[in-house]
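Colleague: After the sequence you'll find the predicted model.
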Amino acid sequence: MRMTWITGFRCAVLAGLTACGPLQQDNPNATALQGAFSGLTGAVTADGANGTAVGDSALSGESQALTRSFIEAQDVDLLRLSIISQDATGLVFFGGANGSKVTWLSLEGVSIVFDDGLLVGTRGFGDDLMGGDVAAAKASLQRGGTHLRTLDFLNGLSQIERRTYQCVSIQTGNENITIVERTYATTVIEETCSGENESFKNTYWRDGNGVIWQSRQWISSGIGYLGYQRL
Amino acid sequence: MTSVFRFISIAVAAISATSVAAQDDWRANYTLYGTPGIIDMPSAVTPADAELSTTIAVFGDTQRATFSFQVLPRFTGSFRYSLIDIYDRSFDLQYQIASEGQYRPAIAVGLRDFLGTGRYSGEYVVTTKTLGPNVRATAGLGWGRLGSLNGFSNPLGFIDDAFETRPDDSIVTGGTVLAGQFFRGDAAFFGGVEWRINDEWTALAEYSSDAYVSEAATIGFDRQSPLNFGVTWQPNSRYQLGAYYMYGTDIGFSATFMIDPTSTDNPSGLETAPIPVAVRGANLAAAASWDTPQIQAEGVNALGPIMDTLGFRLIAAEVTGNTMRVRYQNNDFRAEAQGVGRVARLLTQFAPANVDTFILEPIQRGIALAAVTLRRSDLESLENAPNAAALSYDRAGFSDAAGPAPAIGWDDPTPAFLWGVAPYLELALFDGNKPARGDVGIEASFEYELRPNLVLSGAYRQRLFGNRNEVGSISESTLPDVRRTAQRYGAESGGGIENLSLTWYGRPGRDVYSRVSLGYLERMFGGVSGEILWKPVDSQLALGAELNYTLLRDYDLGLGFRPACSDLDCTLFTGNDYDVVTGHVSAYYDLNNGFEAQVDIGRYLAGDIGATFSLDREFDNGWKVGAYFSLTDVSFEDFGEGSFDKGIRIEIPSDWLFGTPSRNTTVTNLSSLSRDGGARLNIEGRLYDVVEGGHQGQMAENWGRFWR
């Protein structure tokens, strides 16, 4: 008990009036102060457990060049993911499958959900894609043409906002792409969508079996685009 | 008068102009009064719905600080604290009768300083028309101060001669509605033009119908001209800076800061991703069933630590038949709906395969708030489905959770005794003779949990620096000093026991909640407080009753009590310690349109009897902006300055501010005067605030976060 109080005194006074103790983990004054301090000193929060670094970069960089043998040595499926506006690239791992939808998780605590390679959800990016109706888009990627896409977002009032986009997909050519020592013959498909407030263009590199090996897809107006490669 | 006619011709031109329709993206300009308008004169332009603004303005010897809120799309309310000859508070209201059309100008009617001493009192009808993409013209007719220059006989005189004279309706103590003088006396024209030079800069010119008679008399303001000129710079939607040439003699400046509570940079929050749903038959690794007590206990012991790392405290769980019931506390997430969604997804990974129904019982302060029933198959089929939030809400069931906890309790290893040390900043704003006083110090607090619903807690504060020790004058009153000497508390001692109390929450029956608090309940009172609340989980209406017996605490924030002071300015203390029985019956009603109303009737701390009326606009993201007033049998004269208790309160959720998950909020009370009439105990954790977030109404509002 005596130790606690002494420690408490030291952390409040010596650490420049930041808060401590289990009761103060969520103290808003302290959070603001810490933010101000880290802003002043340029310090980066090293506390990986609090997950708040997500806004700066959702993914840690790849520490070494990726090799096929490394990928094959893993007992879990991997995906290489980039958040283009944040200049961040990293590996995410298989988190679970629900029908055709697969959830991929990053060690930093974000998740991304693809439905047959089409993005239908993100979590942890600040302006997440909360869900999407991509059934028509899937069909349109097969044969080209126009379709509607409905995407769900959370707005500033914590309400789901469903936005519908008019889209057209066209095959723009064929390309051989190499992903970590393997080369795939793909067709490049561009899906251009426009809605009331935003428009975006997704690009897919798909092989003859319908597998999308590489893609660039729009998440939200706040986060922009992601890119991924199947490994 | 020539300038008046010039402005009339502008107005006529405005109304008849075949201009483009209103420019939707041209925001309202804020005046030196902190209200939408030109420089000193109002306009009929409204800020965006829900916009909050704070304006600091100065010209000559006049200083004004104004808080303004767009209560409804057409209705603006403002509260102002100004230095004229003395510090003075004022409230304004403006209502836009008609929005701008292709030919029709926007039309608004307003009351300036309609309560109180009436130093700024004036009423107006004003029209504003957008002429072309970059010019906005305003013309209006003002009464009161706004009719004090070149006034003419009141045109409303044709209705009743009484309109032609303006009575002085204010009373010495101020604070009452000055309805008897509204739109009475001479009227005058005013007007002005806003010219948008480019996206950021706007030039302003106006003809003011305010003669500044009282400022000329009291602070020697020299008004030479009715014309004011200014320029404002608004680089973004967050602030506006202005510089002005006022009344032919003075330079003025203003700064306005705007907040839009309805938007944020991180609408979905920065919290980590939830655990994905496990689908039975595909990827479920959980046990086949929890058919023996041992397996149940092992399951609970495994679930508890996992929930703990995810921001939840497991209280108890059980499996009966095909149903798994889990009682838990959400520690991290403002929206209980988000907590329900996260716990449910975790349970899909964890529950034995034979379970097809989850009953989740979120608790706060140890009492269960609701039982939310979810079908496992719905979680499996709706995860990442389009429109998943609405579909899952339709399939969820809500009921009362008054019964006993699930059979297998989890033995939480978190110590029962928790402590914390944190800095605090205490500001006393707008007290009579100084606009702001403040202290910075450290606060040590502890919590000792005897049971989840029975907690001993306390806080001790020590000032490090500040000027709250300079106690200003205490206003005179014949009432016991239950609030007006608030600034003396901890002033000399530099701190002390803020609170130290034992609180027990209970669920005496279906739809019924209870609280008993015992100890040093707040800075000024100690004693015992009991409360009971009736609120069915799906009801918009709640009824409550509270009964308290409390004694007045010593100024040094120690353990002692004291008598009320026995003279007018509070220097003499004789007789027994002041004790009082207070209590209220309360009705709370969620109007389902974003507003919530509350009425409390009962006995207040000075022994006065009356009622408090509150109305809050509650945003689904946790923001609250509200106003309240109390009327009791204390006469306006005995109450003193302000005449009766009233105020504005703003509550900002921390997760909105920082983006990271939190259940904290910051509450600011803007105009509390700390007078003795209409004063209630400041008890932390009143039942309605504890219970509301876990009930169906608020869960429905936040269900968009269920899958977040």
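Modeller: On my side now, so go ahead.
Colleague: Longest strand in chain A, please.
Modeller: In chain A, with assignment by DSSP state E, the single longest strand is strand A:160-179.
Colleague: Can you give the strand pairings for it, parallel or anti for each?
Modeller: With DSSP bridges as the test, strand A:160-179 is paired with strand A:145-154 (antiparallel), strand A:182-194 (antiparallel).
Colleague: Need the winner for burial among these.
Modeller: strand A:145-154 (a mean of 20; mean count of other CB atoms under 10 Å in any protein chain shown). The C-beta positions use only the backbone N, C-alpha and C, and glycine is treated the same way.
Colleague: Identify all contacting residues around that strand.
Modeller: Residues outside strand A:145-154 that contact it (CB atoms under 8 Å, 6 or more residues apart in numbering or on different chains) are A:127-134, A:136-137, A:139-140, A:160-169, A:193, A:220, B:267-268, B:386-389, B:704-705, B:708.
Colleague: How about the residue of the stretch 451-600 of chain B found nearest chain A, nearest residue that isn't a chain neighbour?
Modeller: Among the residues of the stretch 451-600 of chain B, residue B:464 lies closest to chain A, at 8.5 Å counting by CB to the nearest CB. Leaving aside its chain neighbours, residue B:464 sits nearest to residue B:441 (4.7 Å; criterion: CB to CB, 6 or more residues apart in numbering or on different chains).
Colleague: neighbours of the one you found, just the number please.
Modeller: Neighbours of residue B:441 under the rule other CB atoms under 10 Å in any protein chain shown: 20.
Colleague: And the pLDDT at the closest residue to residue B:398 other than its chain neighbours?
Modeller: In this structure, residue B:398 finds its nearest non-sequential neighbour in residue B:696, 4.3 Å apart by CB to CB, 6+ apart. What the model reports as pLDDT for residue B:696 is 96.
Colleague: again with residue B:641
Modeller: pLDDT, residue B:641: 81.
Colleague: that older thread, the residue nearest to residue B:464: helix or strand, and which one exactly?
Modeller: Using DSSP states H and E, the element containing residue B:441 is strand B:434-451.
Colleague: Restricting to C-alpha, output that strand in CSV.
Modeller: The C-alpha trace of strand B:434-451 is given here as CSV (Å, rounded to 0.1, in the frame of the first residue of the first chain):
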residue,chain,number,x,y,z
LYS,B,434,-13.7,37.3,-12.4
PRO,B,435,-14.3,35.5,-15.6
ALA,B,436,-12.2,32.5,-14.8
ARG,B,437,-10.3,31.0,-11.9
GLY,B,438,-8.4,27.8,-12.1
ASP,B,439,-6.3,25.3,-10.3
VAL,B,440,-4.0,22.6,-11.6
GLY,B,441,-3.1,19.8,-9.3
ILE,B,442,-3.0,16.1,-8.8
GLU,B,443,-5.8,13.8,-7.8
ALA,B,444,-5.3,10.4,-6.2
SER,B,445,-8.3,8.1,-6.3
PHE,B,446,-9.1,4.5,-5.3
GLU,B,447,-11.8,2.0,-5.7
TYR,B,448,-12.3,-1.0,-3.5
GLU,B,449,-14.8,-3.5,-4.9
LEU,B,450,-16.5,-5.5,-2.2
ARG,B,451,-18.8,-7.0,-4.8
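Colleague: For beta bridges, what are the partners of the spatially closest residue to residue B:407 that is not a sequence neighbour?
Modeller: Nearest non-adjacent residue to residue B:407, counting by CB to CB, 6+ apart: residue B:318, 4.2 Å away. Beta-bridge pairing for residue B:318 (DSSP bridges): residue B:325.
Colleague: Around residue B:318, how many other residues sit close by?
Modeller: Neighbours of residue B:318 (other CB under 10 Å): 19.
Colleague: Mind pulling up the pLDDT for it?
Modeller: pLDDT at residue B:318 comes out at 95.
Colleague: what sits against it?
Modeller: B:296, B:324-325, B:406-408.
Colleague: Same check on residue B:229?
Modeller: Contacts of residue B:229 by CB under 8 Å, 6+ apart are B:39, B:203-205, B:244-245.
Colleague: follow-up on the earlier one: from the contacts of strand A:145-154, keep the buried residues only.
Modeller: Among the contacts of strand A:145-154, those scoring as buried are A:127-134, A:137, A:140, A:160, A:162-163, A:165, A:167, A:169, A:193, A:220, B:267-268, B:386-389, B:704-705, B:708 (criterion: 16 or more other CB atoms under 10 Å in any protein chain shown).
Colleague: ok, which stretches of the chain are helices?
Modeller: Assuming you mean chain A. Under the criterion DSSP state H, chain A carries helices at the ranges A:2-13, A:28-41, A:68-73, A:135-143.
Colleague: Switch to chain B, please.
Modeller: B:2-16, B:213-218, B:293-309, B:336-350, B:376-382, B:388-395, B:636-639, B:654-658, B:687-692, B:696-701.
Colleague: most tightly surrounded among those helices?
Modeller: Buried most deeply of the helices of chain B, by mean count of other CB under 10 Å, is helix B:336-350, with a mean of 25.
Colleague: Also compute the angle for it relative to helix B:388-395, please.
Modeller: 90 degrees (axes from the mean of the first three to the mean of the last three CA atoms, to 10 degrees).
Colleague: hmm, helix B:336-350 in reach of chain A?
Modeller: No. On the criterion CB under 8 Å from any CB of the partner chain, helix B:336-350 is out of touch with chain A, staying 8.6 Å away.
Colleague: and that helix, how far out from the chain's middle?
Modeller: 31 Å (CA atoms, centre = their mean, to the nearest Å).
Colleague: same question, stretch B:378-385
Modeller: Centre to centre, stretch against its chain (CA atoms, centre = their mean), the figure for stretch B:378-385 is 37 Å.
Colleague: could I have stretch B:699-708 exported to PDB, CA atoms only?
Modeller: Extracted in PDB, the C-alpha atoms of stretch B:699-708 (Å, rounded to 0.1, in the frame of the first residue of the first chain):
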ATOM      1  CA  MET B 699     -28.700   0.000 -28.300                       C
ATOM      2  CA  ALA B 700     -30.900   0.600 -31.400                       C
ATOM      3  CA  GLU B 701     -29.300   4.000 -32.000                       C
ATOM      4  CA  ASN B 702     -25.900   2.400 -31.800                       C
ATOM      5  CA  TRP B 703     -26.600  -0.900 -33.600                       C
ATOM      6  CA  GLY B 704     -24.500   0.300 -36.500                       C
ATOM      7  CA  ARG B 705     -21.500  -0.500 -34.400                       C
ATOM      8  CA  PHE B 706     -22.700  -4.100 -33.700                       C
ATOM      9  CA  TRP B 707     -20.400  -5.500 -36.400                       C
ATOM     10  CA  ARG B 708     -17.600  -3.000 -35.700                       C
END
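Colleague: Thanks a lot, catch you later.
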